[in-house]
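Enquirer: next input, structure requested:
(one chain, ligands or ions: 1)
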Amino acid sequence: MAGLLLLTAPVVISVLLVTWYLKVRVRPRSDAPPMVPYIVPWLGSSIDMAKDADSFFTNATAKYGNIFGVQAVGFYRYFVTHPTLAKQIHKMSKQFVFTPYRIHLSQKVFGMKRTTTEETEFFADGFFETVHRLMAPSEIMKNLVPTYAKYAAQEIAAYVPSPTPVAARDLLYNILFRASAYAFFGPQFDADGCIADFIAFDKAFPLIMLDVPWPLTVPGQQAYEGIIKHMKKYVEKTNGNGGEYMEYMANHARNYHVEHEIPALGLTLLWALEANAPLAAYWAVVLSLFSKNGLAPLVAEADTARATWEAANPNLSVAKNPDFFVAQANLPLLSATIQETLRYATSSFSIRRVMEPTTFAGFNFKIGEELVINGRSSQLDDEYYPDAEIFDPSRFLSAGSAAGSGKEKVVNSPTFTAPFGGGVSMCEGRHFAQTELKVFIALLLTQLDISLAPGAKPEDAALDSTRIGLGVIHPKRDVMLLVRRRDA
Ligand code: HEM
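Expert: Numbering: from 1, shown residues only. The predicted structure follows:
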């Protein structure tokens, strides 16, 4: 008996190994895109991705082409790394759809009840169309941008610089966080009180989003409870009557008798609002400070534009009417710097679920499978952006649009909007986010003198590439700045 076991064991082990090999190292079906091989089941390629995501996608594209399957932390998805394919996928908005994934996140990450998302018409009854409309350029200019500009101006006017170095995050992230939170939730929102809990929640976001097993879920759960408690307090205090977006969501919840969802809806909005733009402000200033000429060209552009604009509008001032200023003044370098910041420091996944059997790029996709467009692959492609690894604030400036040269013009490119995704589900906050950044940075440059603290090194501006796909990349560590008021 023992002899028989000894003889058959190698055969059984070989069969198991071959089965495992075929399962994890070869594509799941012959008509599916090729798959990046991996060794450890469940973890799949997650460790390689977390180590250096940019190299992972570059190497996988070189070996397997522009669409390949990746297994990571229990998920199997097809990644797309070429902008032309991305554009086609975005156009196929019936076959490849984001909304079911967005609803899944509302449940999984933001804590909405399955009964609301699946058993009521809450989302189906015009919800997405309405919030998209509220964020359209013509809508945001009516109320949202002027209200935000008022709070941003107040915050920067009230800022008292310290004579000692200050962490860039405390200056840049916190001010933008507060001003935008007041604009969307009203002045009763306890922005200061919730920043730390928001940062903890945002940090835990990938953990909450992925179906990781217990006990890995515990930190995410704690972070969620920390931030949702602020949202509950806010809703108790105001009934959700802040800005138009929040008010619409609260009223819609009341119409469907799911008032208990208002805090979760508020958190959804807070995350969309604060997970990216404050970090983009951080990077725009920090990366400019470390670039060849520092902030000087931006300050010069803002000063020239201010002098011209205030001369033409003697009753207005940048400090009081920053939204008019950025709408009317000639600030091409500022727009180009924001665009370059998003190109350089953003890792956005555009996730689309397959809604009907579809043949695309020579492969067949089944209902329920997911495609992920990795916008960063094209943002770092030398074909579109020579020396793509370098932050170049003037990259998006078109010839003849240097500061003061006339009409603002920023160069477009086939991958210009990749940081915001694409198609019908492209980021609905993109118009607000870009205006928000422009107003904020214009105010900063005209009122504060910002420089690097002694000892600050370019390595301090490293991106934390372990966190991918969620928009603006987090800094690895903070940068210390010296700040003084220009009018002091
Ligand atoms: C620099 C700032 C921002 C970046 C980089 C960014 C990035 C993104 C990306 C990559 C997507 C997914 C798009 C896709 O799947 O194709 C998205 C979706 C979305 N973003 Fe943003 N975002 C920013 C700011 C904002 C702001 C300020 C808001 C609103 C207050 C917002 C609200 C949303 C919403 C609601 C969606 C889902 C859209 C839909 O389902 O159709 N975002 N964002």
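Enquirer: which parts of the stretch 151-300 of the chain sit against the ligand?
Expert: Residues of the stretch 151-300 of the chain lying near the ligand by Cβ under 6 Å from any ligand atom: 272-273, 276-277, 280. (Each C-beta comes from the backbone N, C-alpha and C, glycine too.)
Enquirer: narrow these to those in helices?
Expert: 272-273, 277, 280 (DSSP state H).
Enquirer: what are the ranges of the strands in the stretch 301-450 of the chain?
Expert: Assigned by DSSP state E, counting those that start in this stretch, the stretch 301-450 of the chain shows strands spanning 346-354, 358-360, 363-365, 370-374, 448-452.
Enquirer: including mean neighbour count and mean pLDDT, could these go into CSV?
Expert: Below are those laid out as CSV (neighbours: other Cβ atoms under 10 Å; pLDDT from 0 to 100):
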stretch, mean neighbour count, mean pLDDT
strand 346-354, 23, 97
strand 358-360, 16, 98
strand 363-365, 19, 97
strand 370-374, 23, 97
strand 448-452, 19, 98
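Enquirer: among those strands, which is nearest the ligand?
Expert: strand 346-354 (3.4 Å; Cβ to the nearest ligand atom).
Enquirer: where's the closest one relative to the chain centroid, distance-wise?
Expert: 11 Å (Cα atoms, centre = their mean, to the nearest Å).
Enquirer: tell me what that strand is packed against?
Expert: helix 83-91, strand 96-97, helix 99-108, strand 370-374, helix 375-379, strand 470-472 (3 or more Cβ pairs under 8 Å, 6 or more residues apart in numbering; DSSP states H and E).
Enquirer: for these, which one sits closest to P41?
Expert: P41 lies closest to strand 370-374 among those, at 19.4 Å (Cβ to Cβ).
Enquirer: angle of the closest one against helix 99-108?
Expert: 90 degrees (axes from the mean of the first three to the mean of the last three Cα atoms, to 10 degrees).
Enquirer: which residues are contacting strand 370-374?
Expert: 57, 67, 77-81, 85-86, 89-90, 96, 101, 347, 349-354, 365, 421-422, 469 (Cβ atoms under 8 Å, 6 or more residues apart in numbering).
Enquirer: export only the CA atoms of that strand, formatted as CSV.
Expert: Taking C-alpha atoms only, strand 370-374 is exported to CSV below (Å, rounded to 0.1, in the frame of the first residue of the first chain):
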residue,chain,number,x,y,z
GLU,A,370,-14.4,44.1,-16.0
LEU,A,371,-12.1,46.2,-18.1
VAL,A,372,-9.8,48.7,-16.5
ILE,A,373,-8.3,51.5,-18.5
ASN,A,374,-5.0,52.6,-17.0
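Enquirer: can you list the strands that that strand pairs with?
Expert: Strand 370-374 has its sheet partners listed here by DSSP bridges as strand 75-80 (parallel), strand 346-354 (antiparallel).
Enquirer: wait, a strand at K292?
Expert: No: read with DSSP: H, G, I helix; E, B strand; the rest coil, K292 is coil and lies in no strand.
Enquirer: next one, pLDDT for the residue nearest to E310 when sequence neighbours are not counted please.
Expert: Excluding its sequence neighbours, the residue lying closest to E310 (Cβ to Cβ, 6 or more residues apart in numbering) is S317, at 6.3 Å. Looking at S317, its pLDDT is 94.
Enquirer: for S317, give its distance to R102.
Expert: Applying Cβ to Cβ, to the nearest Å, the value for S317 to R102 is 41 Å.
Enquirer: do the same with F396
Expert: 29 Å.
Enquirer: look at those two and report which has more neighbours.
Expert: F396 (24 against 15; other Cβ atoms under 10 Å).
Enquirer: hmm, the more buried one is touching E340, no?
Expert: Yes: assessed by Cβ atoms under 8 Å, F396 is found in contact with E340 at 5.7 Å.
Enquirer: for the stretch 1-150 of the chain, what lies in contact range of the ligand?
Expert: So the stretch 1-150 of the chain meets the ligand at 98, 102 (Cβ under 6 Å from any ligand atom).
Enquirer: how many other residues sit next to the nearest residue to P393 once chain neighbours are set aside?
Expert: The spatial neighbour of P393 that comes closest, neighbours along the chain excluded (Cβ to Cβ, 6+ apart), is T337 at 4.4 Å. Using other Cβ under 10 Å, T337 has 32 other residues around it.
Enquirer: my guess is T337 contacts L298, does it?
Expert: Yes: here T337 reaches L298: they are 6.3 Å apart, a contact under Cβ under 8 Å.
Enquirer: which neighbours do these two share?
Expert: By Cβ under 8 Å, 6+ apart, the residues touching both T337 and L298 are 288, 393, 441.
Enquirer: the strands in the stretch 101-250 of the chain, which residues?
Expert: Going by DSSP E, counting those that start in this stretch, the stretch 101-250 of the chain shows strands at 166-167.
Enquirer: helices of that one, start to end?
Expert: For the stretch 101-250 of the chain, the helices defined by DSSP state H, counting those that start in this stretch cover 114-119, 127-134, 137-140, 144-158, 168, 174-185, 191-209, 218-238, 244-255.
Enquirer: could I get the strands of the stretch 301-450 of the chain in a markdown table, plus columns for distance to K113?
Expert: Below are these laid out as a markdown table (distance: least, Cβ to Cβ, whole Å):
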| stretch | distance to K113 |
| --- | --- |
| strand 346-354 | 21 |
| strand 358-360 | 32 |
| strand 363-365 | 31 |
| strand 370-374 | 24 |
| strand 448-452 | 45 |
